[in-house]
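Novice: pasting the sequence and the predicted coordinates here, then a few questions.
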Amino acid sequence: MRRAGVRRVTSRNSTASRCAVLIAIPASREEFDAALSRTPLPDYLLEDFGYSVDPHAGWEKYERVAKAAEALIGTARKLGAGVFVRATLEDVTRATARYQYVVVCAHWRGARVTARDLRSNPETIVQRIRQHPALASLHPQSCDEDCVVESLNVAIKDKDLSLLSSLPKSVLEAAKRTPAIGQVLSRDIIDKALRPDIAPGNCVELFDGLHTPGEFEAMLWSGFAGELDLALCRSVSLATSLDLRRKNRIANLYWDCQVDAAPQLRKIAMTLEMMAANGGGYIQTRLSVEEAELRNVRTRMGWEKRLLKYLRPVGLLGSEPIKKSLVKDLEGHRRLTRNLYWICFAIVCAGAFVAVAAVAIDVYRGNSHRTAAIVGAGVTIPVLIGLMRGIVREWSQTDLMLRVIAQSDEATIQQFLQKMLNRFGDGATSDKPSGAGSARQSE
């Protein structure tokens, strides 16, 4: 992304020095190797690599994130911002006591249940599920481990929120509006009912381990009334918890989808540079970076870019539904590719017919004038066939997108768009958004 309006020299209006950046993920090869040697393995690494991690292969995959974290650390220090590497829960207190703007670059252990969460054998867990009234809606088909995990996750993702029927109506409405909140609450109920046979979800992972939202909030300095960037995947649930516990006194930036760490870290560095050059608050500047990126994305061509323009930073652009307009856009693109295909097909068929006729006439008349002309012009046929292959691929991809989006709700569509962004990867100069950010302002 082009860094418009950002200067290397810190201005008198700089607010970057009021920021603190907490890095709670490995930022070097040494930290990565140290994390791999810990028992148990950090959840951040388990989620990406599993239990069997080859250090060399793992580092090749993780290196781009470490380099982005290292670059952010260098930028923050150069601009006078506070930097807390290997950040722990105590660093949260130190940072919020000294700085107005605090960025937490950490891992969020979410609501999804995995096989490694089961601390007892599946038979014990199934028996407890059947005995607990709060889990009456769960019906594991067998005591197989995969079946138990699937049953729990189906209940967590249940759009009818069957596990939350006993909660207040206002909470249910909030869970329906934001699926991530419903999933967090459902996982909390499962954790409470099956404790200690299941490892808890919904935790912030700092360098000193996993912490519940309540533990994280308790370590915020009591007088902190600044701005927080909860730079975690699906941090909407943590933001909601902080709002309830701190009565909306803390403005926060959260993410309601999976985010790619490397571009996220780069955009935080870009935000600090803009604050150093132009002043301003963190959240306002951070969202302006997202806006600029989305505008840049929209200038690109292709059906993938057509999808990307519908990515919404919720707190900035509101909650306007995009499904109908997105489906209409894709249907128009599908018609275009279909028409292009049939035009190319007709040209190829006509060319083939003319070629056969020309050869037949030459054979009949005993010369090769027409055949030579056809051979000379025939180079266009392979080109057209190659073009048709690309059109067919784009046509089928667009059709698949339509099928997926037509069966999805607004929140799922946003998650799908984010996965598309991650699918394209991110080079060192990537201009693809890394998440759909939302801001909650303090009152």
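Specialist: Arrived safely, thanks for sending.

Novice: got the domain boundaries for the protein?
Specialist: Domain ranges of the chain: 16-112+203-317+433-440, 121-194, 323-423, per automatic domain parsing.

Novice: return the most buried member of the ones you listed.
Specialist: domain 16-112+203-317+433-440 (a mean of 19; mean count of other Cβ atoms under 10 Å). Where C-beta positions appear, they are placed from N, C-alpha and C, glycine not excepted.

Novice: tell me the mean pLDDT over it?
Specialist: Domain 16-112+203-317+433-440 shows a mean pLDDT of 85.

Novice: tell me how far it lies from the chain's centre.
Specialist: 12 Å (Cα atoms, centre = their mean, to the nearest Å).

Novice: for F84, what are phi and psi?
Specialist: When read as degrees, to the nearest 10, the backbone of F84 gives phi -120, psi 100.

Novice: and if you look at Y254?
Specialist: phi -130, psi 170.

Novice: can you name the residues bridging to it?
Specialist: Beta bridges link Y254 to S438 when assigned by DSSP bridges.

Novice: right, and it touches E227 too?
Specialist: No - counting by Cβ atoms under 8 Å, Y254 stays clear of E227, with 11.7 Å between them.

Novice: name whatever forms a beta bridge with F84.
Specialist: L22.

Novice: my guess is it meets I23, correct?
Specialist: Yes - with contacts counted by Cβ under 8 Å, F84 reaches I23, the gap being 6.8 Å.

Novice: P122 versus V149, what's the distance?
Specialist: Distance of V149 to P122, computed by Cβ to Cβ, to the nearest Å: 9 Å.

Novice: cool, and R187?
Specialist: R187 is 18 Å from P122, by Cβ to Cβ.

Novice: repeat that for A261.
Specialist: 33 Å.

Novice: using CSV, write out every CA atom in stretch 135-154.
Specialist: Extracted C-alpha coordinates of stretch 135-154, given in CSV (Å, rounded to 0.1, in the frame of the first residue of the first chain):
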residue,chain,number,x,y,z
LEU,A,135,-26.4,-29.4,27.3
ALA,A,136,-29.8,-31.1,26.7
SER,A,137,-29.7,-29.9,23.0
LEU,A,138,-26.5,-31.8,22.3
HIS,A,139,-26.9,-35.3,20.9
PRO,A,140,-23.5,-37.0,20.1
GLN,A,141,-24.1,-39.9,17.8
SER,A,142,-21.3,-42.0,19.4
CYS,A,143,-18.5,-41.8,21.8
ASP,A,144,-16.0,-41.4,19.1
GLU,A,145,-13.6,-38.4,19.7
ASP,A,146,-14.3,-36.8,16.3
CYS,A,147,-18.1,-37.2,16.8
VAL,A,148,-17.9,-35.5,20.3
VAL,A,149,-15.9,-32.6,19.0
GLU,A,150,-18.3,-32.1,16.0
SER,A,151,-21.3,-32.3,18.3
LEU,A,152,-19.9,-29.6,20.5
ASN,A,153,-19.0,-27.3,17.6
VAL,A,154,-22.4,-27.7,16.0
